[in-house]
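In: Just a sequence and a predicted model for now, questions to come.
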Amino acid sequence: MPHNDLNLMAKTLNAQYRGNAAIAILEGILRDTAPNKTALVSSFGAQSVVLLHMVSMVDRTLPILFIDTQMLFRETRNYQTALCASLGLENIRIVTPRNAMIAMHDPLNDLHQFDPDKYCDLRKSAPLEHALQGFGNWISGRKRFQGGHRTLIEHFEVDNLRLKINPLAHWGQQEIATYIEENRLPKHPLIAKGYASIGCAPCTSPISAGEDPRAGRWRNHAKTECGIHLPSPAPFAPSQTPQNREKASA
């Protein structure tokens with residue numbers, strides 16, 4: 001769809017769904033668009049369980065793209081497996097960078113130390129862009145209270161000629177916490193250790209009392225986003241594999 005048409009669609013949908021509950025936005029977008037053209041992208045991080053739970057109530061077959069950078073915490077991988085089983089999610093697609101690209105650009109697994117932007121392009125942005133081919137819409141868990149580039153996001157926006165849906169855009173931290181408690185949802189195990197926003201292991205640290213929830217991401221760097229939510233093309237070739245199937249070799 002041409003960019004101008006997508007912008008008009010996003011504007012129209014924002015007006016249509018203004019004031020609607022997050023789950024109503026999910027139900028509406030899956031009802032009014034081709035369901036097989038929409039995917040949820042989830043980090044299975046600290047707050048991911050809210051949107052994943054809503055999806056489990058609306059459509060358990062919705063494709064869910066989980067980016068495994070191969071540098072994640074073991075706790076995140078275990079949480080992803082257990083949570084999908086608990087919620088009955090049926091279409092998990094694990095997205096990884098190609099082994100050959102890792103060998104070429106990050107053979108010592110230390111790229112994050114001196115070029116975190118390139119690290120994220122290699123391990124996140126490029127694999128996701130490839131995985132999203134064929135999808136016209138993707139669902140994100142971003143929220144305004146997370147700050148930075150997210151402060152002014154709407155429920156619907158345009159991203160790389162796709163419609164991006166942010167059902168939780170206007171939710172606050174208390175709403176997230178309340179939803180998790182009221183629905184008795186399992187929390188990411190690292191939350192109990194002081195992690196408020198959880199990404200790759202070498203780029204994520206616990207936060208202190210009073211710090212911004214995302215202060216533990218790329219600490220001591222000016223970086224605030226991994227890149228998948230920024231309008232920049234990814235230069236690396238990726239691979240995508242369904243869960244429980246052997247990952248494609250390089």
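Out: All right, it came through fine.
In: Now stretch 72-79: buried residues?
Out: Buried residues in stretch 72-79, counted by 16 or more other Cβ atoms under 10 Å: 72-73, 75-76, 79. To be clear about C-beta, it is placed using only N, CA and C from the backbone, and glycine gets the same treatment.
In: and which of the residues you listed is nearest Met54?
Out: Closest approach to Met54 among the buried residues of stretch 72-79 (Cβ to Cβ): Tyr79, at 17.5 Å.
In: follow-up on the earlier one: export the buried residues of stretch 72-79 to a markdown table and tack on secondary structure, pLDDT and distance to Asn220?
Out: A markdown table is the format used below for the buried residues of stretch 72-79 (DSSP: H, G, I helix; E, B strand; the rest coil; pLDDT from 0 to 100; distance: Cβ to Cβ, whole Å):
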| residue | secondary structure | pLDDT | distance to Asn220 |
| --- | --- | --- | --- |
| Leu72 | strand | 97 | 21 |
| Phe73 | coil | 97 | 19 |
| Glu75 | helix | 98 | 23 |
| Thr76 | helix | 97 | 22 |
| Tyr79 | helix | 98 | 27 |
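In: between those residues, which is nearest Leu128?
Out: Of all these, Leu128 sits closest to Leu72, with 14.4 Å by Cβ to Cβ.
In: Would you mind measuring from the closest one to Arg31?
Out: In this structure, Leu72 and Arg31 are 33 Å apart, going by Cβ to Cβ, to the nearest Å.
In: again with Leu52
Out: Leu52 is 19 Å from Arg31, by Cβ to Cβ.
In: Strands of this protein, residue ranges please.
Out: 38-42, 64-67, 92-97, 137-139, 156-159, 162-165, 238-242 (DSSP state E).
In: Quick check: which of these is nearest to Met57?
Out: Closest of those to Met57 is strand 38-42, at 13.0 Å (criterion: Cβ to Cβ).
In: by contact count, what packs against the closest one?
Out: The contact analysis (3 or more Cβ pairs under 8 Å, 6 or more residues apart in numbering; DSSP states H and E) places strand 38-42 against helix 48-58, strand 64-67, strand 137-139.
In: pLDDT on stretch 199-215, on average?
Out: For stretch 199-215, mean pLDDT rounds to 89.
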